[in-house]
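[1] got a sequence here, can you build the structure:
(one chain, ligands or ions: 1)
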Amino acid sequence: MKTYRRRGTSTTVVHAGEDRTNEYGAITTPIVQASTFIFRNADEIRKLKAGAKDRYEYGRYGHPTQAAAEAKLAALEGAEDAVLFSSGMSAITTTLYAMLRTGDHVIITDDAYKRTLDFCKACLPRFGIEATVVRMGNYGAIRRAVRKNTRLFLSESPTNPYLNIMDLERLMAIFRGTRVTVISDSTFATPFNQRPLEYGVHLVIHSATKYLGGHNDLLAGVVLGKKKLTEPIREYLKITGGCIDPNSSYLLIRGLKTFELRMRRHNESAQAIAEWLERHPAVKRVYYPGLPSHPHHDVAKRQMRGYGGVVTFEIGGTTDDAVRVLSRLRLLSIGPSLGGVESLITHPATISYYRCTRPERLRLGIKDGLIRLAVGIENVEDLIADLDQALTVACVGGGR
Ligand SMILES: Cc1ncc(COP(=O)(O)O)c(C=O)c1O
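    Now for the predicted structure:
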């Protein structure tokens, strides 16, 4: 039997999922902007009822532009199937709703995305589903948290904002032989830098709003894995309705074509900026898994191809000092999110955690001078120059 070489990432993202036999001969996948798909005759209706996979019925149940994007994402992640959603949160909530029943138990790590934690702690208990929050990196606590009714384990890697890394080999050893489904939100890593399915993780979730879309112009989420797990989720999505629209599907396809080029740049620039920040007198500490000073650098080195585009650092002084630094920036924009071509910077204490009191926020590890930088694809010298001029105010107020 002839064996084929596995294609490279860019070849995959440019070509996978594209139907180049479409009736217009268009090289790009058409945006099929329709909410309903009509039947030409009774035979077509009969075919649909018989389970035909080659036709569409109603936009919420799936559409051609979505299918092309899903095929591309599945090829990229090395997954049997991909299901797209209107946002990362829709992917997470629909997956959990589809998999869990009253009486089930979930384990989640404590530095997961805040809204995912909110969902597990505040929404799931209303349906009689209990969630245990365990400390990220405490593998003993994860093992001890497993009960007879534990149905699902959910975590992220790298995490936000400290970029902690889950040791996937160690994690999967805990769940081997159990009936627990392990889900990894791999948004910060992307399929370029980390491949959780190759470690035996059952389902991977991404906020495709971030690196997969890559241009800060769409919202989407995706869940990937074996069909026996994704199909019930796809069926549930037809009820919950958090479906992706044709335009966002197209933007995602378009963004994915430069995915490898962008990821290489994000990785390189973030590493350079992290190393530069570590030498800067105004900076107390830098958190980046590509730095030997990061507590999980060794795991990251073993498990990841690159360390991603997010760098977190801490300056001295008060929250006002940190805000003053952000306000001086000319090239970098202040805003949440990450993974786009434009660099974004945020001050978690005043932007993401403004509803918390200071003691609550500090308990969650969100320090006054903590700054999260999502490095875009601009020239790294320009980003460093902008950071340098902004950080001069911090040299006066704080520093080491
Ligand atoms: C790790 C992670 N997962 C999920 C989400 C939610 O994604 P979305 O904003 O696309 O709903 C986010 C959003 O920031 C995130 O950072």
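[2] and the residue of the stretch 101-250 of the chain found nearest the ligand, bridged to which residues?
    As assessed by CB to the nearest ligand atom, the ligand sits closest to residue 207 within the stretch 101-250 of the chain, at 3.1 Å. (Glycine included, C-beta is placed from N, CA and C.) Going by DSSP bridges, residue 207 is paired in beta bridges with residue 221.
[3] check contacts around it.
    When contacts are counted by CB atoms under 8 Å, 6 or more residues apart in numbering, residue 207 is found next to 87-89, 91, 185, 187, 220-221.
[4] just checking: which of those also lie near the ligand?
    For the ligand, the contacts drawn from these by CB under 6 Å from any ligand atom are 87-89, 185, 187, 221.
[5] in helices, which of those appear?
    The helices, defined by DSSP state H, take in 88-89 from those.
[6] strands of this protein, residue ranges please.
    Under the criterion DSSP state E, strands of the chain are mapped to 81-85, 105-109, 130-134, 150-156, 181-185, 203-207, 221-225, 283-287, 310-315, 333-334, 344-346, 370-374.
[7] okay, angle between the first one and strand 203-207 too, please.
    By that I understand strand 81-85. Relative orientation of strand 81-85 with respect to strand 203-207: 30 degrees, computed using axes from the mean of the first three to the mean of the last three CA atoms, to 10 degrees.
[8] which helices and strands does strand 81-85 pack with?
    Strand 81-85 makes packing contacts with helix 64-77, helix 88-99, strand 221-225, helix 227-240 when contacts are defined by 3 or more CB pairs under 8 Å, 6 or more residues apart in numbering; DSSP states H and E.
[9] can we see that at 6 Å?
    Using 3 or more CB pairs under 6 Å, 6 or more residues apart in numbering; DSSP states H and E as the contact definition, the elements that strand 81-85 packs against are helix 64-77, strand 221-225, helix 227-240.
[10] please identify the most buried of those.
    Per residue and on average, the most neighbours among these fall to strand 221-225, with a mean of 27 (mean count of other CB atoms under 10 Å).
[11] which helices and strands sit right next to it?
    Secondary structure elements in contact with strand 221-225, counted by 3+ CB pairs under 6 Å, 6+ apart, are strand 81-85, helix 88-99, strand 203-207.
[12] could I get these as TSV with mean pLDDT?
    Rendered in TSV, the data for those read as follows (pLDDT from 0 to 100):
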stretch	mean pLDDT
strand 81-85	98
helix 88-99	98
strand 203-207	98
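[13] now for these, which one comes closest to residue 47?
    strand 81-85 (22.0 Å; CB to CB).
[14] need the helices and strands packed on strand 81-85 in CSV (columns: mean pLDDT).
    Conversion of the helices and strands packed on strand 81-85 to CSV gives the following (pLDDT from 0 to 100):
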stretch, mean pLDDT
helix 64-77, 97
strand 221-225, 98
helix 227-240, 98
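[15] wait, which of the ones you listed is closest to residue 377?
    Counting by CB to CB, residue 377 lies closest to helix 64-77 out of these; the figure is 18.7 Å.
[16] and that closest one, how far out from the chain middle?
    Taking CA atoms, centre = their mean, to the nearest Å, the mean C-alpha location of helix 64-77 is offset from the chain mean by 16 Å.
[17] ok, stretch 332-345 next?
    15 Å.
[18] can you list contacts of that stretch?
    For stretch 332-345, contacts defined as CB atoms under 6 Å, 6 or more residues apart in numbering pick out 210-211, 215-216, 310, 326, 346, 373-378, 383, 386.
[19] if you set the cut-off to 7 Å instead, what comes out?
    With contact meaning CB atoms under 7 Å, 6 or more residues apart in numbering, stretch 332-345 is reached by 209-211, 214-216, 262, 309-310, 326, 329, 346, 351-352, 371, 373-378, 383, 386.
[20] any idea how far residue 88 is from the residue nearest the centre of the chain?
    Of all residues in the chain, the one closest to the mean position by CA atoms, centre = their mean is residue 187, 1.6 Å from it. Counting by CB to CB, to the nearest Å, the gap between residue 187 and residue 88 amounts to 7 Å.
[21] so what sits against both of these two?
    206-207.
[22] and the stretch 51-200 of the chain, which of its residues are near the ligand?
    87-89, 113, 156, 160, 185, 187.
[23] returning to that earlier point: closest one to residue 242 among the strands of the chain?
    Go through the strands of the chain one by one with CB to CB and the one that ends up closest to residue 242 is strand 81-85, at 5.0 Å.
[24] list the contacts of the closest one.
    Outside strand 81-85, the residues touching it (CB under 7 Å, 6+ apart) are 66, 69-70, 73-74, 91, 94, 220-225, 227, 230, 233-234, 237, 242, 244, 249.
[25] list the buried residues for that strand?
    Residues of strand 81-85 classed as buried by neighbour count (16 or more other CB atoms under 10 Å): 81-85.
[26] same deal with stretch 374-388?
    Of the residues in stretch 374-388, those with enough neighbours to count as buried (16+ other CB under 10 Å) are 374-378, 380, 383-384, 386-387.
[27] can you list those in CSV and add distance to residue 134 and pLDDT?
    Written out in CSV, the entries for those read as follows (distance: CB to CB, whole Å; pLDDT from 0 to 100):
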residue, distance to residue 134, pLDDT
374, 27, 98
375, 30, 98
376, 33, 98
377, 36, 98
378, 38, 98
380, 37, 98
383, 36, 98
384, 38, 98
386, 39, 98
387, 35, 98
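[28] still on that earlier bit, of the contacts of residue 207, buried ones?
    For these, buried by 16+ other CB under 10 Å: 87-89, 91, 185, 187, 220-221.
[29] point out where the protein drops to low pLDDT.
    When the per-residue scores of the chain are filtered using pLDDT under 70, the ranges that remain are 1-4, 395-400.
[30] can you list the domains in it?
    9-256, 259-397 (automatic domain parsing).
[31] show me what contacts the nearest residue to residue 9 once chain neighbours are set aside?
    Ranked by CB to CB, 6 or more residues apart in numbering and with sequence neighbours excluded, the top spatial neighbour of residue 9 is residue 260, at 4.2 Å. Applying CB under 7 Å, 6+ apart, we find residue 260 in contact with 9-10, 13, 192.
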